[in-house]
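S.K.: Predicted structure and sequence below. I'll ask about it afterward.
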Amino acid sequence: MNLRSKLPHTRTTIFTVMSQMAHDYKAINLAQGFPNFPPASELLDAAANAMQRGLNQYAPMAGYLPLRERIAEKIEECYGRRVNAETEITVTPGGTAALFAAMMATVHAGDEVMVIEPCYDSYLPTLELCGAVVKRISLTFPQYEVNWDAVQQSVSAKTRMIVLNTPHNPTGSILRKADMERLAAIVRNTDIIILSDEVYEHITFDGEQHESVLRTPELTERSFVISSFGKTFHVTGWKTGYCVAPAELMREFRKVYQFMNFASFTPAQVAFAEVLAHKAHYQTLPEFYQAKRDYFRKLMADSRFELLPSHGSYFQLARYSALSDMNDSDFAVWLTQTHGVAVIPVSAFYADSTDNHVIRFCFAKTEETLERAADALCKV
Ligand SMILES: Cc1ncc(COP(=O)(O)O)c(C=O)c1O
């Protein structure tokens, strides 16, 4: 068959590759970003109850309305922004689907889109499907900050979108108020759309607040904001998230989304609507994950890895220059095979495989898992 791939350069994601390797070598999986502890029992009960109560048919396309209302309340409480649950929120099967729909709905072939690297691996293939011309801007190394001068210089009359991610995967860096002010100045008087991936919105550390674009009215009016209940409620396998955008953008988003998926899994939506009433679930998340970050860093203090700062997300980066001069992909494979700990090489998050000899650990794990992993890593 003469099959012309639409994504000729795309391979199986590194997360799948490393998780498979972790499985094959019976290694501790600090690679893929998912918790290995159970979610709150109320959430499980609420989903089971929803199924038993017969809530098993299609939800409305934009999402179960009580859930959208709870999301609107959460946004107002967290970011002081009132959004319309009817017209400005759509529930999706995870953040990835929301990113896909937002890009597909607004980026035309030939449009320029700015992506900050390293970046989550769905952005570039999705933009390729849109026919976008991607302008890649690297975060500074090793601080992993946005070089706003480079962003400013890359803006042209064809710039359609800037993709942001805060808290950031894989680096654990966060954007702050000054970043949002710079961004607002750059996009003022343009038609540039912001796609702000905030799936780790409730995981920031050391008392720093999450600087959602929803805090800046000037940005909110041109932004898609993406969130994921998978991250917030320790249920990545439930693949439920949402997108927030002004009605004008959301109308276009829904035109695409209705034919991608039409609606998300109903019992999960009902369950999230119930548990969101208990704010403690997300309000306690910063201290919950900060304790894990601090514990992992303490366990690793005597290792020869150099731990970089982690301000948010559930990721910890480490340089291994003192241990090896292997490239980071080879090092990750070697670590999995010979020391039994699977990690992700950070070069996988760059289109040109930029290799700064840095690997990513996921610390969304039980203390016991972190102890076993650190024990093995300290022997390297
Ligand atoms: C930065 C970022 N965006 C989006 C996603 C996707 O979230 P979901 O699992 O809800 O599709 C992830 C998941 O790892 C992520 O790290």
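M.R.: Thanks, I have it.

S.K.: roughly how far apart are the residue of the stretch 151-300 of the chain at minimum distance from the ligand and C78?
M.R.: Closest contact between the stretch 151-300 of the chain and the ligand, by CB to the nearest ligand atom, is at S228 (3.3 Å). Yep, even glycine has a C-beta here, placed from its N, CA and C like the rest. For S228, the distance to C78 equals 15 Å [CB to CB, to the nearest Å].

S.K.: re earlier: who does the residue of the stretch 151-300 of the chain closest to the ligand bridge with?
M.R.: As for beta bridges, S228 partners with G241 under DSSP bridges.

S.K.: thought it was touching C243?
M.R.: No: in this structure, S228 is not within contact of C243 by CB atoms under 8 Å, at 10.5 Å.

S.K.: Name the residue in these two with the higher neighbour count.
M.R.: C243 (28 against 25; other CB atoms under 10 Å).

S.K.: Flag every residue of this protein that's near the ligand.
M.R.: 33, 94-96, 120, 165, 169, 197, 199, 228, 230, 236, 239, 241 (CB under 6 Å from any ligand atom).

S.K.: what comes up buried for the helix or strand containing A374?
M.R.: Assigned by DSSP states H and E, A374 belongs to helix 367-378. By 16 or more other CB atoms under 10 Å, the buried positions in helix 367-378 come out as 369-370, 372-374, 376-377.

S.K.: for stretch 347-367, same thing?
M.R.: For stretch 347-367, by 16+ other CB under 10 Å, it's 347-350, 354-355, 357-365.

S.K.: before we move on, the earlier item: now the buried residues of helix 367-378 in a markdown table, with pLDDT?
M.R.: Formatted as a markdown table, those follow (pLDDT from 0 to 100):
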| residue | pLDDT |
| --- | --- |
| T369 | 98 |
| L370 | 98 |
| R372 | 98 |
| A373 | 98 |
| A374 | 98 |
| A376 | 98 |
| L377 | 98 |
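
S.K.: where does K298 sit relative to M326, distance-wise?
M.R.: Taken as CB to CB, the span from K298 to M326 is 27 Å.

S.K.: actually Q32, not the one I typed
M.R.: Between Q32 and M326 the computed distance is 21 Å (CB to CB).

S.K.: Compare those two (neighbour count), which wins?
M.R.: Neighbour totals were compared for Q32 and M326, and Q32 leads with 19 against 16 (other CB under 10 Å).

S.K.: Assign a three-state SS to the more buried one, would you?
M.R.: At Q32 the chain is in coil, as set by DSSP: H, G, I helix; E, B strand; the rest coil.

S.K.: does M114 have beta-bridge partners, and which?
M.R.: Assessed by DSSP bridges, M114 has beta-bridge partners K135, I162.

S.K.: tell me the contacts of it?
M.R.: Residues counted as contacts of M114 (CB atoms under 8 Å, 6 or more residues apart in numbering) are 134-137, 151, 154-155, 159, 161-163.

S.K.: Just the buried residues of the residues you listed.
M.R.: 134-137, 151, 155, 159, 161-163.

S.K.: Could you save the residues you listed as TSV and add columns showing distance to T220 and pLDDT?
M.R.: Output for the buried ones among the contacts of M114, formatted as TSV (distance: CB to CB, whole Å; pLDDT from 0 to 100):
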residue	distance to T220	pLDDT
V134	25	98
K135	23	98
R136	26	98
I137	22	98
V151	19	98
V155	20	98
T159	19	98
M161	15	98
I162	14	98
V163	16	98
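
S.K.: quick one: low-confidence parts of the chain?
M.R.: Scanning the chain for pLDDT under 70 picks out no residues.

S.K.: Closest to the centroid, which residue in it?
M.R.: The residue lying closest to the centre of the chain (CA atoms, centre = their mean) is V199, at 4.5 Å.
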